[in-house]
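Engineer: Predicted structure and sequence below. I'll ask about it afterward.
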Amino acid sequence: MAKRIRVENYETEASNDESLKLKPELKLKKTKIKLLLIVFLIISIVANITLGFLYFESTNKNGKLKEENNKIIKLNEDLEEENEEINSNLFNVIGLNSVYYVKNKLDFMDDSIVFKIEGFGNYYYTYDCMMQKVNGSYSYWAYNKEAAISTGLRAGGCQ
């Protein structure tokens, strides 16, 4: 007589044995996952706190810089107003016509009068150039350009 073995019971008993073997491994994996999630959560919290602090600091500095910039703009406006007032007072004291008179006189001097400096050869120079050439005392002859050229003087270089 042959014995009958139930395959069902055998398979379930074998599967129960396997599940018992896998359970500690699954528990270990779950523990590792939980640990990784906790570490990630802690890092996220620290990062958020750090970013919040940096944002607060930058907005605080930005506010201080805006305030300082506004003070500088106000100071600049005050200085411009003071400059306009000084210019107005200057024109009231010397008169606008006096400024044009002095400018015209200087232009005439620069365009028409030249100087022959003793000891600098047979050349003539403008006043500005003469002042660059000589240091201290000097002896000179003043001519208009046409007279300087007619006496044989040539234009001197200014360096």
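Structural biologist: Perfect, thanks for sending it.
Engineer: Break this structure down into its structural domains.
Structural biologist: Annotated domains of the chain cover 7-94, 96-155 [automatic domain parsing].
Engineer: okay if I get the ones you listed as JSON lines plus mean neighbour count and mean pLDDT?
Structural biologist: Bear in mind the C-beta positions are built from the backbone N, C-alpha and C, glycine included. Output for those, formatted as JSON lines (neighbours: other C-beta atoms under 10 Å; pLDDT from 0 to 100):
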{"stretch": "domain 7-94", "mean neighbour count": "10", "mean pLDDT": "79"}
{"stretch": "domain 96-155", "mean neighbour count": "13", "mean pLDDT": "84"}
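Engineer: residue ranges of the helices in this protein, please?
Structural biologist: 7-94, 96-112, 127-133, 145-150 (DSSP state H).
Engineer: Centre of the chain to the first one, how far?
Structural biologist: Here the centre of helix 7-94 is set off from its chain's centre by 27 Å, with C-alpha atoms, centre = their mean, to the nearest Å.
Engineer: Also the second one?
Structural biologist: Relative to the centre of its chain, helix 96-112 is centred 41 Å away, using C-alpha atoms, centre = their mean.
Engineer: Could you check the angle that helix makes with helix 7-94?
Structural biologist: Here the directions of helix 96-112 and helix 7-94 differ by 90 degrees (axes from the mean of the first three to the mean of the last three C-alpha atoms, to 10 degrees).
Engineer: elements contacting helix 96-112?
Structural biologist: helix 127-133 (3 or more C-beta pairs under 8 Å, 6 or more residues apart in numbering; DSSP states H and E).
Engineer: what's the helix it packs on in contact with?
Structural biologist: Outside helix 127-133, the residues that touch it by C-beta atoms under 8 Å, 6 or more residues apart in numbering are 109-110, 113, 115, 117, 120, 125, 138, 140, 156, 158-159.
Engineer: repeat that for 7 Å
Structural biologist: With C-beta atoms under 7 Å, 6 or more residues apart in numbering as the contact definition, helix 127-133 has outside contacts at 109, 113, 115, 117, 120, 125, 140, 156, 158.
Engineer: hang on, the fourth one packs against residue 138?
Structural biologist: So the one you mean is residue 117. Yes - here residue 117 reaches residue 138: they are 5.9 Å apart, a contact under C-beta atoms under 7 Å.
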